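> this one's structure only:
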């Protein structure tokens, strides 16, 4: 069954360009809207599976539209985003208000197969994910008036989460706390929302650094780091060249650059590595971790398209490190973790709601109840 889409943009040129790109059997455009107010009304009458919306529009802009949609009929929303610094900041605000993903507006009118493929996959993934829709309905009130923004919570140390029994896919035993020097995470489509569930749930006294590669354009990674820093007990920063790694700190790779670990626990941020499909790349980051830390690393692969990270995590596995994959059914798109699971690289598979607890559990003993 095709995903039902509501397309929202005040530009008839943009609407026609998007319609042309989305003329595929998997997607049915059931309506269009010229502004946010019209979109809120059509969302109530048409009940689309997903909304693709612009931000800057007359009458009612996209941010107000998102708040109204979440207050009246919560529906998965993907926003158009400018690649500018201002555009990235607005996009992070849209994600705070309830939007789930974004696409770069500059690329959407082009008939590039890459841009078209990414847009289609995101629409289908979010529009067909009933679990996500149910979560939205539970999260937002149906009050009939404008939903206020989701404000960052104070920086407090959250309680340690309890874990269900790990779902092992191999015979390797979990590493002891003293055997872990670094944790690295690779993530893509669905990542900003997933990371907001994971990083704020980890305690401030985490004893090793955490590296994250999130596939994002320039500017967006800085906005993501700022947002996570506001809501987390951990310190979260965008990676800088030459910075010294510190425990209890999360380093997010800079969009458009590669992030590598160098000797003496420092980061290298560079645009000199050629031939990589992704900038930043999970493979580049994890391979550098393997080179420096050998078997003293934990690698985690989460929701995302494609298979970035598979090669490097296999190298980590061979080096004696520990590999965790997000479960396929808890991903927006299971390509990246699926490639690791299917190739029997993962030692452990966990659903999204257990990832934070799993990360914490390496350095916190389970209670007697958990160990039974």
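Okay, I see it. Every value quoted in this text rests on a predicted model; they were computed, and no experiment measured them. Numbers count the residues shown, from 1 in each chain.
> C-alpha only now, for contacts and for neighbours.
Noted.
> for stretch 342-350, which positions count as buried?
Counting neighbours by 16 or more other Cα atoms under 10 Å, one finds that the buried residues in stretch 342-350 are 345, 346, 347, 348, 349, 350.
> can you check stretch 180-193 too?
180-192.
> got it, and stretch 203-212?
203, 204, 206, 207, 208, 209, 210, 211, 212.
> Equivalent analysis for stretch 230-247, please.
For stretch 230-247, by 16+ other Cα under 10 Å, it's 230-240, 245-247.
> what does stretch 48-61 give?
Buried residues in stretch 48-61 (16+ other Cα under 10 Å): 48, 49, 50, 51, 52, 53, 54, 55, 56, 57, 60, 61.
> Show me what the third one is bridged to.
Using DSSP bridges, the bridge partners assigned to residue 50 are residue 5.
> Report the secondary structure state of residue 332.
Put simply, residue 332 is coil when judged by DSSP: H, G, I helix; E, B strand; the rest coil.
> if I look at it, how far off is residue 345?
21 Å (Cα to Cα, to the nearest Å).
> State the helix or strand in which the nearest residue to residue 217 once chain neighbours are set aside lies.
Spatial nearest neighbour of residue 217, chain neighbours left out: residue 255 (4.7 Å); criterion: Cα to Cα, 6 or more residues apart in numbering. Of the helices and strands defined by DSSP states H and E, none includes residue 255.
> how near is residue 255 to residue 337?
Per Cα to Cα, residue 255 is found 21 Å from residue 337.
> Kindly report the same for residue 102.
Taken as Cα to Cα, the span from residue 102 to residue 337 is 21 Å.
> The two: who's more crowded?
Using other Cα atoms under 10 Å as the criterion, residue 102 and residue 337 rank with residue 337 on top: 32 against 26.
> And the pLDDT for the more buried one?
You'll see residue 337 listed with a pLDDT of 97.
> And the contacts of the helix or strand in which it is found?
Following DSSP H and E, one finds residue 337 within helix 335-342. Helix 335-342 has contacts (Cα atoms under 8 Å, 6 or more residues apart in numbering) with 187, 301-310, 313-314, 325-328, 346, 349.
> Show me which of the buried residues of stretch 203-212 is closest to residue 268.
Of all the buried residues of stretch 203-212, residue 211 has the smallest distance to residue 268: 12.2 Å, by Cα to Cα.
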